[in-house]
Structure formats: C-alpha cells, structure tokens
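Asker: sequence first, then the predicted structure:
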Amino acid sequence: MSILSRRNLLRGQWRGHDVIRPPWSVDEALFIDGCSRCHACVEACETGVITVSGNQGFPELDFQHAECTFCKRCVEVCPEPIFHSTESQPWQRYAVINQTCLTYQGVACRSCQDACEPYAIKFKLRLGGIAQPEIERESCTGCGGCVRSCPVQAITTRESDKDNDGK
Ligand code: SF4
Ligand code: SF4
Ligand code: SF4
C-alpha cells in the first residue's frame with residue numbers, strides 16, 4: 001500500500017468511528033501494513049465479534065454484535081507478526097457510559113450491570129432516587145460485553161492512551 005493511500009485510510013478511520021482491532025494488536029499503522037486481510041482471525045473467533053465491515057476489509061471488532069472473551073484464537077491463527085505477546089495486557093481499553101443512559105433521563109435501568117462479568121459497573125443512588133452506573137476502571141477489561149446490553153446504545157469503549165479527559 002502506498003504511503004498516501006495508507007495515510008488516507010488512517011485519516012478516514014480516525015475521522016469515522018473508533019476502529020477496534022483485535023486484542024494484543026500492534027499500533028494501527030503497523031497493523032494496516034502487516035495484515036494481509038486473510039480473515040483467518042474472523043473465522044477463528046469464538047464469539048464472532050471480529051467483522052470485516054470496514055470498507056478496506058481489515059478485521060475489526062463490533063461490540064454491538066458480540067464481546068471479546070480474550071480466548072487468543074485470533075492471535076494464534078494469524079500468520080503475520082502484528083500481535084504483541086499474549087503474556088502482556090491485551091489492551092488499555094475500557095467502557096464509557098454517555099449522557100444518553102436512561103438513568104440520566106430519570107428512567108431506572110440496570111441492563112449493563114447484569115452483562116458485566118467482572119462486576120465493573122457499580123450503581124450509585126442519585127438525587128431523585130434513580131441509581132446511575134459508574135465504570136470501575138481498574139476492574140473493566142474492555143471486553144465489550146456491556147455494549148450491546150444497553151437499550152439506548154449509551155456505552156462505547158475507548159483506549160486509555162487516546163483519552164484526554166482525565167477520567
Ligand atoms: S481474543 Fe478470542 S473472542 Fe477476542 S477477538 Fe480474538 S478470537 Fe475473538
Ligand atoms: S467492557 Fe466488559 S468489563 Fe468493562 S464494564 Fe463492560 S462488560 Fe464490564
Ligand atoms: S444499560 Fe444503558 S441505559 Fe441502562 S443503565 Fe446501563 S448505560 Fe444506562
């Protein structure tokens with residue numbers, strides 16, 4: 001891929017939705033350079049969370065579809081050197097709940113809490129009697145399990161090194 005087309009591709013991705021590569025992936029530019037788009041990871045993924053919905057055919061995760069169990073199959077089947085050691089942390093990803101959460105509109109809901117296996121979502125009672133969710137960053141694995149449980153799509157995930165909000 002030429003430098004220009006790669007640059008355009010990366011620009012498009014940064015301007016669009018936050019593209020989530022499989023866990024343990026190397027940095028985006030290296031991933032794009034190294035991935036041959038063979039889709040072995042897509043076929044191997046035990047939950048089906050890896051999709052090729054992006055227009056360039058690179059694998060990405062869709063948490064509206066499924067979650068990541070960190071089974072490592074994607075890393076193990078990939079023939080290219082585009083993953084870090086699975087002895088390391090898979091990523092610095094964590095969940096974020098935005099203001100469209102039903103509890104901010106005064107509606108009781110705890111769907112995300114039930115979906116979180118590590119119990120990283122705690123509910124705290126607020127004025128008015130509606131409990132609101134908070135993500136416990138140190139417990140959140142960024143698995144995405146809570147994302148599709150939310151009826152109003154109030155949950156996204158982000159990488160902490162792209163985070164400037166100091167949360
Ligand atoms: S670690 Fe497993 S569940 Fe997660 S993306 Fe890779 S193959 Fe899919
Ligand atoms: S991303 Fe996973 S660990 Fe984090 S809050 Fe959601 S379900 Fe829990
Ligand atoms: S599932 Fe969605 S709407 Fe319900 S409490 Fe969680 S973030 Fe809010």
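Answerer: Everything's here; your move. Ligands and ions are numbered 1, 2, ... in the order given.
Asker: can you pull the contacts of residue 72?
Answerer: Applying CB atoms under 8 Å, 6 or more residues apart in numbering to residue 72 gives the contacts 24, 86. The C-beta positions use only the backbone N, C-alpha and C, and glycine is treated the same way.
Asker: look up how far residue 156 lies from it.
Answerer: Going from residue 72 to residue 156 by CB to CB, to the nearest Å gives 24 Å.
Asker: now do residue 101
Answerer: If you measure residue 101 against residue 156 using CB to CB, the figure is 12 Å.
Asker: what of residue 145?
Answerer: Distance check for residue 145 against residue 156: by CB to CB, it reads 13 Å.
Asker: swap in residue 148?
Answerer: Residue 148 is 12 Å from residue 156, where distance means CB to CB.
Asker: who has more neighbours out of the two?
Answerer: Shown here are residue 148 and residue 156; by other CB atoms under 10 Å, residue 148 has more neighbours (19 against 16).
Asker: let me know the secondary structure of the more buried one.
Answerer: Here residue 148 is recorded as helix under DSSP: H, G, I helix; E, B strand; the rest coil.
Asker: okay, it: pLDDT?
Answerer: Model confidence at residue 148, given as pLDDT, is 97.
Asker: next one: residue 162
Answerer: Residue 162 carries a pLDDT value of 52.
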